[in-house]
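Asker: Just the structure for this:
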Amino acid sequence: MTGEHKLETPIGKEDVARLRAGDILYISGEVFTSRDRTQKLILENKNRLPFSLHGLIEFHAGPIVRRKDSKWEIVSIGPTTSFRMENNEYEFIRETGIAGVIGKGGMGNRTVEACREFKAFYGVLPGGAAALIAKSVKRIIGVYWLEELGVPEAMWHLEVKELGPITIVIDAFRNDLYENLRRRVGENLSRVLKSLED
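Answerer: Here you go, the predicted structure:
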């Protein structure tokens with residue numbers, strides 16, 4: 001049975017432990033965007049970041065922004081394909097102490113192990129809803145490496161209100177919703193093929 005949760009960052013390990021693959025989550029508080037190039041810079045500068053990432057949420061996204069009254073404003077922000085970050089995700093979760101990652105699509109075994117070992121989760125947001133998701137962003141707290149990386153790859157530090165619905169795909173207990181689904185489909189296909197042979 002799946003549940004629905006509303007959590008506020010920084011999220012503690014005890015709250016992460018209550019999440020199960022298949023649950024629905026809404027997040028309020030601080031999140032930050034990150035992609036493959038961003039991850040590398042964060043790891044290289046982890047002891048010199050302007051804010052602590054501990055207990056926060058890494059959002060695999062590249063927002064569309066505009067200037068308004070000399071400030072940045074999010075126009076739309078949707079999840080990007082998370083598997084691109086698989087190579088660095090284990091180290092990233094270990095070194096930053098983040099509570100979770102949100103993005104699009106599945107992740108691999110290293111992320112599953114990182115979520116188990118460091119009590120974190122991976123969740124997905126609906127695709128094609130970038131303008132709607134942007135309404136959850138209350139303000140841009142800061143932006144980092146904008147000149148070096150450009151808008152999509154820069155690290156955007158955001159305050160959000162009930163960002164979601166996020167479906168928990170990987171929980172802290174090695175449960176992987178997509179892998180379980182693939183397994184069930186494979187088992188059902190084998191049964192169907194066997195029945196056709198009989």
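Asker: What is the burial count for the nearest residue to residue 84 once chain neighbours are set aside?
Answerer: Once flanking residues are discounted, residue 84 sits nearest to residue 36: 5.4 Å by CB to CB, 6 or more residues apart in numbering. No exception for glycine: its C-beta is placed from N, CA and C like everyone else's. Close neighbours of residue 36, defined as other CB atoms under 10 Å, add up to 15.
Asker: Now the longest strand that the chain contains: average pLDDT?
Answerer: Of all segments of type strand in the chain, defined using DSSP state E, the longest is strand 155-170. If you average the pLDDT over strand 155-170, you get 96.
Asker: picking that back up, the residue nearest to residue 84 contacts residue 82, doesn't it?
Answerer: No. Counting by CB atoms under 8 Å, residue 36 does not reach residue 82; the two are 10.2 Å apart.
Asker: What's the local residue count around residue 30?
Answerer: When neighbours are defined as other CB under 10 Å, residue 30 has 19 of them.
Asker: Is it in a helix, a strand, or coil?
Answerer: Following DSSP: H, G, I helix; E, B strand; the rest coil, we place residue 30 in the strand state.
Asker: What are the neighbouring residues in contact with it?
Answerer: Going by CB atoms under 8 Å, 6 or more residues apart in numbering, residue 30 touches 9, 10, 51, 56, 57, 141, 157, 158, 159, 160.
Asker: Roughly how far does it sit from residue 76?
Answerer: Note on residue 30: its distance to residue 76, by CB to CB, to the nearest Å, is 20 Å.
Asker: How about residue 150?
Answerer: 16 Å.
Asker: do the same with residue 13
Answerer: Going from residue 13 to residue 76 by CB to CB gives 33 Å.
Asker: go on, residue 157?
Answerer: The value you get for residue 157 to residue 76, if CB to CB is used, is 18 Å.
Asker: Please name every helix or strand in contact with the longest strand of the chain.
Answerer: strand 24-33, helix 36-44, helix 109-118, strand 121-124, strand 137-144, helix 177-197 (3 or more CB pairs under 8 Å, 6 or more residues apart in numbering; DSSP states H and E).
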